[in-house]
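Trainee: Provided below are the primary sequence and the corresponding predicted coordinates.
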Amino acid sequence: MLNLRQLEILRAVVEYRTTVGAAEHLGMSQPSISNTIRHIESVLGFPLFERVSNRLQPTEEAMILLQESEPLFMLRDAVNQRAVDLRMGRIGHVRVASTAEVSEGVLPRVIADYATEHPRIRISLETHMLAPVLQMVENGVADVAFVLSPLERPALQYDAIEVLQAVVLCDEKDPLARLDVVTPRDLAERPMVGPQVANRIGLMFADSFRASGLEYQPVIETRFMNAAARIVRDGWGVALVDELSAFTAMRPGLVVRPYGANLSFELAAATPRAKTTSRQTKRFIELFRQRAALRIAEVRAATQRSAQD
C-alpha cells in the first residue's frame, strides 16, 4: 500500500514537524511533500497529523507506522553501505548490534582492539532495546548481536559468552552498604532505580521479588540497567542492576553488594541460524569473548575489594 519513498517523506515530516523542513531535508518542493501526505492519508483512510500552533503533530497512527517501518530503513541503509564498501574496495564489514549495557561496558574496548588489528575491516555499531537488536540480526541488518538474557528465537543461534550476576549499587553511607547480601526485602522500602517491568530484565527482577512475596516497584524506571546505575552515581537512590553496569558507573563513595535472589544474566552473541557466519564476524566474536572475560574479572576483583572495605 505504501512504498519506501512515501514512508521516507512521512518520517521527514514527523522529524521536522513542518512540510517546509521536510522538503529542505529531502530536496523536494513543499507542495510535493504536502500532496504526498494528503495522498497517503487518502489511501489509508485516517489522518496522520494534527496542526498545533503552525506545527504538524503526528497522530498515534503515524507513529505506529513509523515504528513498524524502521527495519525497512535499516535494511536500505545496510544495502547502501555495502555498495559503498564494494566501490571503495574495503575487504569486509562487521555489523554489530547490542543493548546499551553491553555497548557501554565491553564493546568500546573490543571495537578499538579489532580496528587496530584489522584496519581494513569496516565496523558499525547499533544500540537498541533487546527486541529490535535481535530483529536486526534476523533481518540481515546486523551480523551479530551481543545481548543479556535473550529469549529463544527460531531464526537465531546463541553463543554463550559469560554469566553476569545481579548486584545492588549504593552509596557507602547507605544502610545497605553494611549488608553482606541484599535481599528483595531489604530493597522494599528503599528509593530504588531499576529496569522497567515492560522489558525482559525488569520482568526477571519482578519475578525475584514475587518469590519473596513482594512487589518490584522501583521509584525510577529505566529502559537500560547502565542508565539506572548512572542515576545512583549522580547521587540518587540505590540501583538493582547487573555487575557490569554497576562497575561502569562506579566512583569513590559507592559500593556494590551481591543481590541475594540468586539472579543472573547470560551474556550471549546472537547470529543467524540459516546463514554462515563470516570469518570477520567470527574473529570479532572471539575477541569479544576474550575482552569480556578480562572485563568481568576486573569487575569482580573491584567488587571483592569493595566488599572488604
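Mentor: Received the coordinates, thanks.

Trainee: what about A131, neighbour count?
Mentor: Residues lying near A131 (other CB atoms under 10 Å) number 13. (Glycine included, C-beta is placed from N, CA and C.)

Trainee: so it, which of the three states?
Mentor: Three-state assignment for A131 (DSSP: H, G, I helix; E, B strand; the rest coil): helix.

Trainee: and if you look at the one 10 residues further on?
Mentor: The three-state label given to V141 by three-state DSSP is coil.

Trainee: and the gap between it and A23?
Mentor: V141 sits at a distance of 28 Å from A23 (criterion: CB to CB, to the nearest Å).

Trainee: just E172 next, same as before
Mentor: According to CB to CB, E172 and A23 sit 56 Å apart.

Trainee: repeat for L75
Mentor: In terms of CB to CB, L75 sits 25 Å off from A23.

Trainee: In terms of helices and strands, where is M136?
Mentor: Using DSSP states H and E, M136 falls within helix 130-138.

Trainee: Toward the C-terminus from that helix, list the very next helix or strand.
Mentor: On the C-terminal side of helix 130-138, the closest following helix or strand by DSSP H and E is strand 144-148.

Trainee: Just the pLDDT for the closest residue to D174 other than its chain neighbours.
Mentor: Using CB to CB, 6 or more residues apart in numbering and skipping residues adjacent in sequence, the residue nearest D174 is V238, 6.2 Å away. V238 is assigned a predicted lDDT (pLDDT) of 97.

Trainee: circling back to that earlier point, tell me which of L75 and A23 has more neighbours.
Mentor: Higher neighbour count among L75 and A23: A23, with 20 against 15, using other CB under 10 Å.

Trainee: Unless I misread the structure, the more buried one falls within a helix.
Mentor: Yes: applying three-state DSSP, one finds A23 inside a helix.

Trainee: what are the ranges of the helices in the protein?
Mentor: Ranges of helices in the chain, per DSSP state H, are 4-16, 19-26, 30-44, 60-88, 100-105, 107-117, 130-138, 184-187, 200-210, 225-233, 243-248, 279-308.

Trainee: Show me which residues of the shortest one are buried.
Mentor: Neighbour counts over helix 184-187 (16 or more other CB atoms under 10 Å) mark 184, 186-187 as buried.

Trainee: With the longest one instead?
Mentor: For helix 279-308, burial by neighbour count (16+ other CB under 10 Å) applies to 280-285, 287-289, 291-292, 295-296, 299, 303, 306.

Trainee: ok, now the fifth one?
Mentor: Along helix 100-105, these residues count as buried under the neighbour rule (16+ other CB under 10 Å): 100-105.

Trainee: now those in a markdown table, with pLDDT and distance to R200?
Mentor: Listed next are the buried residues of helix 100-105 as a markdown table, based on pLDDT from 0 to 100; distance: CB to CB, whole Å:
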| residue | pLDDT | distance to R200 |
| --- | --- | --- |
| A100 | 95 | 13 |
| E101 | 95 | 12 |
| V102 | 96 | 14 |
| S103 | 96 | 17 |
| E104 | 95 | 18 |
| G105 | 93 | 17 |
